[in-house]
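Enquirer: this one's structure only:
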């Protein structure tokens, strides 16, 4: 709903008991948020966040973290893509988007710098965030926060004009991300797996598109 750019306002029919009306409103908000979470999670294939590169795929050798995200493509279409965050090199870092976790076909490369806008969308259990004009949705709110945490860390290094990371630095960055994932693993695993609840199509790049 948020991706389509519309704002929807609802109201509980008021009664003599304001407390009861507030509780009814809360029930509706939580129920709507739950349905949106289920629909969102249904779009993703089974996967875990990865911090290690694929040995046989050269383009993944500077991977910090990777996992599936959806990207808003148009008013009624989103793509399900495998996103890979790369560290800074000179004055830029990047997210590489692949068709699948095999990383055989690059769909897009999104460079970003120290002044690039990176924002978290607000909402009940919201898992949406933006990098410049690219609108992404993670499988869960916690995964969105994990992506934002990693993005902000890379942006901080860009803002401080840190030297390009060495191989040892990359291993340390990956280890820090893996440690954080391990600390919240139980929460990351709390999601519902179901068949996609929106219509799927296949794009020319081979990635899944979903009609809203």
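Expert: Ah, there it is. These numbers come from a predicted model, not from an experiment.
Enquirer: the longest strand anywhere in the chain pairs with which strands?
Expert: Determined from DSSP state E, the single longest strand within the chain is strand 77-89. Using DSSP bridges, strand 77-89 pairs in its sheet with strand 65-74 (antiparallel), strand 92-98 (antiparallel), strand 208-211 (antiparallel).
Enquirer: any idea of the mean pLDDT in it?
Expert: Here strand 77-89 scores 95 as its mean pLDDT.
Enquirer: list the buried residues of it.
Expert: By neighbour count on 16 or more other C-beta atoms under 10 Å, the buried set for strand 77-89 is 78-88. All C-beta atoms are positioned from the backbone trio N, CA, C, and that covers glycine.
Enquirer: just for the protein, where's the confidence low?
Expert: Low-confidence segments of the chain, defined by pLDDT under 70: 1-6, 14-16, 190-212.
Enquirer: do me a favour and get the end-to-end distance for stretch 44-56?
Expert: Length of stretch 44-56, first residue to last, C-alpha to C-alpha, to the nearest Å: 25 Å.
Enquirer: name the single longest helix found in the protein.
Expert: Counting residues, the longest helix found in the chain (DSSP state H) is helix 18-42.
Enquirer: that helix: which residues count as buried?
Expert: For helix 18-42, a neighbour-count test (16+ other C-beta under 10 Å) marks 36-37, 39-42 as buried.
Enquirer: redo the residues you listed as a markdown table? Include distance to residue 54.
Expert: Below are those laid out as a markdown table (distance: C-beta to C-beta, whole Å):
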| residue | distance to residue 54 |
| --- | --- |
| 36 | 33 |
| 37 | 30 |
| 39 | 30 |
| 40 | 27 |
| 41 | 25 |
| 42 | 27 |
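Enquirer: about what we covered before: ok, of the buried residues of strand 77-89, which one's closest to residue 126?
Expert: Set against residue 126, the nearest of these by C-beta to C-beta is residue 78 (15.3 Å).
Enquirer: tell me what the residue nearest to residue 73 when sequence neighbours are not counted is bridged to.
Expert: Of all residues not flanking residue 73 in the chain, residue 79 sits nearest, at 5.3 Å (C-beta to C-beta, 6 or more residues apart in numbering). In this entry, residue 79 is beta-bridged to residue 71, residue 209, by DSSP bridges.
Enquirer: touching, residue 79 and residue 69? I think so.
Expert: No - Residue 79 is beyond contact range of residue 69, at 9.1 Å (criterion: C-beta atoms under 8 Å).
Enquirer: so where do the strands sit in the chain?
Expert: Going by DSSP E, the chain shows strands at 65-74, 77-89, 92-98, 106-112, 118-120, 128-131, 134-137, 200-202, 208-211.
Enquirer: list the contacts of the residue nearest the centre of the chain.
Expert: With distances taken as C-alpha atoms, centre = their mean, residue 138 lies nearest the centre of the chain, 3.1 Å away. Contact analysis of residue 138 by C-beta atoms under 8 Å, 6 or more residues apart in numbering lists 67, 69, 127-129, 144, 146-147.
Enquirer: neighbour count and distance to residue 23 for the residues you listed - can I get that in CSV?
Expert: CSV is the format used below for those (neighbours: other C-beta atoms under 10 Å; distance: C-beta to C-beta, whole Å):
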residue, neighbour count, distance to residue 23
67, 20, 37
69, 24, 35
127, 24, 26
128, 20, 27
129, 20, 31
144, 21, 28
146, 20, 33
147, 23, 34
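Enquirer: right, I'll call it a day here.
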